[in-house]
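>>> let me see the structure of the following:
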Amino acid sequence: MDRLQGSMEALSALQITEDMDGLDVQSKSLLQYAEVLAVILRDTIAEYEGYSWKEVAEFIEVDSITSTMEVSPGRTNTKIRSDATEYHNLNEKTSLFDLAFRARNPQISTEDIQINLHIDVEPQKIYNPGYPIEKRGMYYLARRLSSQLSLALNVTDYNRLAKCYSIWICRDEIPKEDQYSISVYEMVNTKNTAPNTVSRENYDLMTLVVIKLGNTVYNGDKEDEGYELLRFLNTIMYPHKDNFMSTVSEYIDFSDNDALRKEVIHVSTIEQIKYEGMREELTEELTKEITEELTKEITEEITEELTGRGVKALILDNLENEIPKERILVKLQKYFSLTEEKAKWYYERFVSGE
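Model (predicted):
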């Protein structure tokens, strides 16, 4: 199996979500890493069929990953920043993509020209929130497609439109017969009386993927379609089991981490150890001891940053759903073990757009 190279940040995110109860915010913190996204995209994006996880990870434009891209009409071509000029449509509710990014389309890209897919991933705790998830997904796709044409240009160039994917991962309240299934909705040419046909890439611009999980135990067989993807999502989207890291390690390799090795060399008392020969010269026992200590230290540093991201996502999610401030503060204290004072600090900070 062609495993992905895991980063320290992703490892820390996995540890942070150890006791998660399925909240969107914890899922977002984990899904923002290319090595995690690659496992999902390989089995949901038609253009990536036949590629390895490593190759898919290289297609992802990491710098484009954001959870602050608006879905609301007229605003999806502007990322939210405190100093950004935004286009406002009056009396419209602001919505945000959970995780939006771009990734290379290898089927139509060339050495000279790169064509990207526009993708958003939406983790959802429940499948039936009171409306069809599929309708919301199609709306998001329409907004992502239209956002590619800049409001600042007087000339509309439809040749610039690139394909969009919206991937929804639903965890709870799945009908038993639909649990652990993958549904794909796409644009197709159903009737054509003309002698000539239009290239599919000119009209197949929106694909919706709905992944339904369900019971905390996944009993699929290796021969089942989507087995590797569903097994991976079952592992990371539910509270961790004893075999959590052993299962994740089948997909992502954290044992050969460059950043971790460099830190080991930096703090080691064995001054003559060189990077290339570290494995041979360090004893297995010493390597394990230093690695465990460093992992703990680096995790603590990254935890604070990721907690801030999770807090921000929770606040924005709840504001979008018009949850009162008092209830949001209670959730912050409960899910992130914050004091009331700290919860209020975070709330005022992110509501003000800092």
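>>> contacts and neighbour counts: CA atoms only from here.
OK.
>>> isn't there a helix covering residue 44?
No. Looking at residue 44 with DSSP: H, G, I helix; E, B strand; the rest coil, it is coil, so not inside a helix.
>>> leaving out the residues flanking it, which one is nearest to it?
Once flanking residues are discounted, residue 44 sits nearest to residue 209: 7.0 Å by Cα to Cα, 6 or more residues apart in numbering.
>>> ok, the one you found touching residue 164?
No. Residue 209 is beyond contact range of residue 164, at 11.0 Å (criterion: Cα atoms under 8 Å).
>>> returning to that earlier point: the residue nearest to residue 44 in helix, strand or coil?
Applying three-state DSSP: residue 209 is strand.
>>> residues contacting it?
44, 165, 166, 167, 168, 182, 183, 184, 185 (Cα atoms under 8 Å, 6 or more residues apart in numbering).
>>> now the buried members of these.
44, 165, 166, 167, 168, 182 (16 or more other Cα atoms under 10 Å).
>>> how close does the residue nearest to residue 31 when sequence neighbours are not counted get to residue 171?
Sequence neighbours aside, residue 37 is the residue nearest to residue 31 in space, at 6.0 Å (criterion: Cα to Cα, 6+ apart). Distance of residue 37 to residue 171, given as Cα to Cα, to the nearest Å: 17 Å.
>>> what of residue 10?
Residue 10 is 21 Å from residue 171, by Cα to Cα.
>>> out of the two, which sits in the busier spot?
The neighbour count for residue 10 versus residue 171, taken as other Cα atoms under 10 Å, is higher for residue 171 (26 against 22).
>>> in the stretch 201-350 of the chain, where is pLDDT below threshold?
Low-confidence segments of the stretch 201-350 of the chain (pLDDT under 70): 256-307.
>>> quick one: the strands in it?
Per DSSP state E, counting those that start in this stretch, the stretch 201-350 of the chain carries strands over the ranges 206-212, 252-253.
>>> which one of those is the most hemmed in?
Among these, strand 206-212 has the highest mean neighbour count (mean count of other Cα atoms under 10 Å), at a mean of 22.
>>> about what we covered before: show only the entries of the buried ones among the contacts of residue 209 found in strands.
Counting by DSSP state E, the part of these found in strands is 165, 166, 167, 168, 182.
>>> kindly reformat those residues as CSV containing distance to residue 247.
Output for these, formatted as CSV (distance: Cα to Cα, whole Å):
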residue, distance to residue 247
165, 27
166, 26
167, 23
168, 23
182, 21
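>>> so which of those residues comes closest to residue 234?
residue 182 (13.3 Å; Cα to Cα).
>>> what residues are up against that closest one?
If you count contacts by Cα under 8 Å, 6+ apart, residue 182 has them with 209, 210, 211, 212, 226.
>>> relative to residue 127, how far out is it?
Applying Cα to Cα to residue 182 and residue 127 gives a distance of 13 Å.
>>> where do the contact lists of those two overlap?
residue 212.
>>> tilt between the longest strand along the chain and strand 206-212?
Criterion DSSP E: the longest strand present in the chain is strand 116-126. Counting by axes from the mean of the first three to the mean of the last three Cα atoms, to 10 degrees, strand 116-126 points 30 degrees away from the direction of strand 206-212.
>>> residue boundaries of the helices in the stretch 1-150 of the chain?
8-16, 24-31, 34-42, 53-59, 133-146 (DSSP state H, counting those that start in this stretch).
>>> can you put those helices in CSV and add mean pLDDT and distance to residue 246?
As requested, those are arranged in CSV below (pLDDT from 0 to 100; distance: least, Cα to Cα, whole Å):
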stretch, mean pLDDT, distance to residue 246
helix 8-16, 64, 13
helix 24-31, 64, 17
helix 34-42, 93, 15
helix 53-59, 93, 18
helix 133-146, 93, 33
